[in-house]
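Visitor: The following block contains a protein sequence and its predicted model.
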Amino acid sequence: MKPVSPARSPAAARAARAAGNATGALGAPDLDWAPPAVGTGATTPLWLVGLFGVMLYWATMYLDRNGGGFNPLVFNQGELLADLEARVPRSEADALLAQGRRVYNVYCSACHQPNGRGTPNQFPPVAGSDWVLTEGPNRIIRIVLNGMQGPITVNGNQYNNVMLPWRDQLSDEDIAAVVTFIRGNAEWGNNAGPATPAQVKAIRDATASRSTSWTAQELLGIPVKD
Amino acid sequence: MSSPAPAPPPGAVPPPAAASLAPALPADLDRSCRWPVLVLGGLSAGWLVFAAVLGVLAAIKLHAPGMLANVDWLTYGRVQPAAWNALVFGFGAPAGLALALWLMVRLSGVPLVGTGTILFGAAVWQVGLKLGVLGILAGDSTGIEGLELPRYASPLLLAGYLLIAPWALVVFDRRQPRESYLSQWYLVTALLVFPWCFASGYVLTSFLPLRGVLQAAAQAWYLQQLWVLWFGSLTLATVFYFLPKLTGAAVPSRSLALFGFWTFVVFGGLGGLTRYAGGPFPAWMLSLAVVGNVLTLFAVYAVGANLLPSLHAAVSRLKGNVVLWFLGFALLAWLAASVLTALNSLVTVRHLTHFTLVTPGLDQLALLGGFGLAALGGMYGVVPRLLGRDWPSRFLATLHFGCAAGAVGLLAVAFLIGGLVQGAALNNTDVAFLTVAKRYLPFASTGTLAQLLWLVGSGAFAVNLLWLLVACARTVCVPAARALVEPLPAEGKA
């Protein structure tokens, strides 16, 4: 295409295009100004509207079942806030209990058993034990810190073995948690009050110079409560 | 200079007498938007090739990680986001804006106003994007997928956009037939969605970052708006204009189109979080995403039902009509991508496809196959009308379609099948992870082949466009230069 300049003047080109002689694009016809035709007679088919209603219903059911009640705390599809609260502790005491359960399962349950009943003649029970359910936790905090050896009478039965000291392995909070868990574990029928990290720290500091395990005789000389 | 056609008013009050007829000739409308559309389109063609080169590099690194591993600027973590941003913001957004301006002017029957501002906006956008892509290659990426542009670049893009897009809305507001056409609905959606999601996405991750996983939620939401409401709307606007227009087949039902449009707008943007199904997000976000993706199928059905007659009519006119090839393929790719995305959001399917090639495969099918081919087809249709001259090489255009369609088909099939193979192997605890990775390799190399095809096609398009522009420049410049040279001696003699 080698047009001579007069034929390519803007006015001539515009006239040519207006007459419908404009260049098509690779076989496409020229496009006039009017938008494409749209049929206005046909309505949206009824079955589509019906299906849309059904799917909207499905959507609400799906959201109801999997949306966690639109609560920002619920992350698992299919759960509600109530399920979440049943699974996760809410208060600080609940959190201490949950931590205590973890510590117990790792450090204590091998000897005292997961059900807290111990082993006859060797390891005394912690479930329903008169040593555990004292008014205050002073004695068992000491046992956990420094361990214990020699004969001991629990609920009228004799036991004789060695318990390891956990002073270096467990923090004040871990010991407070596990003592709270043992004393307050309702599954075992225990309902004694909690221990606090501050109590554990006080006893840890007071017995810092002690390097040997406790005996039952020594412990009976210590008041259960401050 | 006397004009044989009734001259349109220069952008101000339209003549009341011409209300019943076409108020302006297509040629005058085209002339009003020629420079903005050509500049935006031409720049997008350049970025298309640049993005394709980076895309090939990134694809090769997925199966040959040693290649160019010692060049800081070309490591995978930089090349991949640079390629993505060059494609989306270099090619996608300007090409989409060019088509939006042209379609809006055409369908509204009003000349474009604000040309100077638009050109300035295009320049601002280009400066911002060049800074951004260079910044990513230099290691300044924010590291958040899809929002990688550094803080010194992203505001420039938004500023550029805000200088360009409002003029399309101004034209829409002044439209001559008050009743609007389907493409205009989708265009208005796209034009309004982009600044909203782009600004929110960058503000919430780069400037006033949200805490923790909420950043990922904002990012997933942004990607969904960008993918579905921005690129999807532009795809549908283009296809809804060109397919019926070129085939002469009417869109059967306006009410079905309205139904489709509103289901698209209401539900289309909700599905973002399926990207992070199983992640640490409130359950309602993930459930809403599933519901949104499934309900978007109604919009997909409405689009399919309304464009099927055009597609049917197109079959008989396909011979030699490259624009139709591009747009027909784009429509099919968009429909396929939307249906597969809805399927992929179901929990049972996600169980197999999560963390596999399926996700990038669907993204590519929607971006390259749907939007990419629609925008390129639109360019093939628009540019000759603006320049008054057909494409110089039919062969290059045919080659481009073959390569682009082949690339998208290959990429989609390889990544979908590869993703399923990968997912099945990942779910099987007897298969070691290294074995899974090895099974993935052939599909990754197929991805490279597809990217190479895409590069060849893009190159053909760029050459064709350059050829056309040079030819036009010659027909304008040679006579002008001759006129400049010749009268002088004449004047001297006189």
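Guide: Structure's in. What do you need?

Visitor: And stretch A:218-226, end to end?
Guide: 17 Å (C-alpha to C-alpha, to the nearest Å).

Visitor: in it, what's buried?
Guide: A:Leu219 (16 or more other C-beta atoms under 10 Å in any protein chain shown). In short, each C-beta sits where N, CA and C put it, glycine included.

Visitor: what about that stretch, distance to the chain center?
Guide: 39 Å (C-alpha atoms, centre = their mean, to the nearest Å).

Visitor: in the chain, what spans have low per-residue confidence?
Guide: Going with chain A. A:1-30, A:32-33, A:89-90, A:92-93 (pLDDT under 70).

Visitor: ah, I was thinking of chain B
Guide: Those would be B:1-24, B:487-494, if you go by pLDDT under 70 across chain B.

Visitor: Select the longest helix from it.
Guide: helix B:433-485 (DSSP state H).

Visitor: what's the offset of that one from the middle of its chain?
Guide: Helix B:433-485 has its C-alpha centroid displaced from the chain centroid by 16 Å (C-alpha atoms, centre = their mean).

Visitor: again with stretch B:413-430
Guide: For stretch B:413-430, the distance to the chain centre is 29 Å (C-alpha atoms, centre = their mean).

Visitor: quick one, helices of chain A?
Guide: Assigned by DSSP H, chain A shows helices spanning A:10-16, A:46-66, A:81-87, A:92-103, A:109-112, A:138-146, A:172-184, A:197-206, A:216-220.

Visitor: Columns distance to B:Leu163 on top of those, output as a markdown table?
Guide: As requested, the helices of chain A are exported to a markdown table (distance: least, C-beta to C-beta, whole Å):
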| stretch | distance to B:Leu163 |
| --- | --- |
| helix A:10-16 | 28 |
| helix A:46-66 | 40 |
| helix A:81-87 | 48 |
| helix A:92-103 | 56 |
| helix A:109-112 | 70 |
| helix A:138-146 | 72 |
| helix A:172-184 | 60 |
| helix A:197-206 | 62 |
| helix A:216-220 | 83 |
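
Visitor: winner for burial among these?
Guide: Highest mean neighbour count among these (mean count of other C-beta atoms under 10 Å in any protein chain shown): helix A:172-184, with a mean of 24.

Visitor: Just the CA coordinates for that helix, please, in PDB.
Guide: C-alpha atoms of helix A:172-184 as PDB (Å, rounded to 0.1, in the frame of the first residue of the first chain):
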ATOM      1  CA  ASP A 172       8.700 -22.700  89.300                       C
ATOM      2  CA  GLU A 173       5.800 -22.400  86.900                       C
ATOM      3  CA  ASP A 174       6.000 -26.100  85.800                       C
ATOM      4  CA  ILE A 175       6.100 -27.300  89.400                       C
ATOM      5  CA  ALA A 176       3.300 -25.000  90.500                       C
ATOM      6  CA  ALA A 177       1.300 -26.300  87.500                       C
ATOM      7  CA  VAL A 178       1.900 -30.000  88.200                       C
ATOM      8  CA  VAL A 179       1.200 -29.600  91.900                       C
ATOM      9  CA  THR A 180      -2.000 -27.800  91.100                       C
ATOM     10  CA  PHE A 181      -2.900 -30.500  88.600                       C
ATOM     11  CA  ILE A 182      -2.300 -33.300  91.100                       C
ATOM     12  CA  ARG A 183      -4.100 -31.600  93.900                       C
ATOM     13  CA  GLY A 184      -7.100 -30.400  91.900                       C
END
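
Visitor: and that helix with helix A:197-206, angle?
Guide: 110 degrees (axes from the mean of the first three to the mean of the last three C-alpha atoms, to 10 degrees).

Visitor: So which elements touch helix A:172-184?
Guide: In terms of contacts (3 or more C-beta pairs under 8 Å, 6 or more residues apart in numbering or on different chains; DSSP states H and E), helix A:172-184 is packed against helix A:92-103, helix A:138-146, helix A:197-206.

Visitor: Out of these, which gets nearest to B:Ile164?
Guide: Closest to B:Ile164 of those, according to C-beta to C-beta: helix A:92-103, at 55.9 Å.

Visitor: Which residues outside the closest one are in contact with it?
Guide: Contacts to helix A:92-103, defined as C-beta atoms under 8 Å, 6 or more residues apart in numbering or on different chains, come from residues A:89, A:170, A:173-174, A:176-182, A:184-185, A:194.

Visitor: Of all pairs in the residues you listed, which one is the farthest apart?
Guide: Using C-beta to C-beta for every pair in those, the one that comes out farthest apart is A:Pro89 and A:Leu170, at 20.0 Å.

Visitor: Please say which of these two ends up with more neighbours.
Guide: Neighbours were counted for A:Pro89 and for A:Leu170 using other C-beta atoms under 10 Å in any protein chain shown; A:Leu170 has more, 19 against 14.
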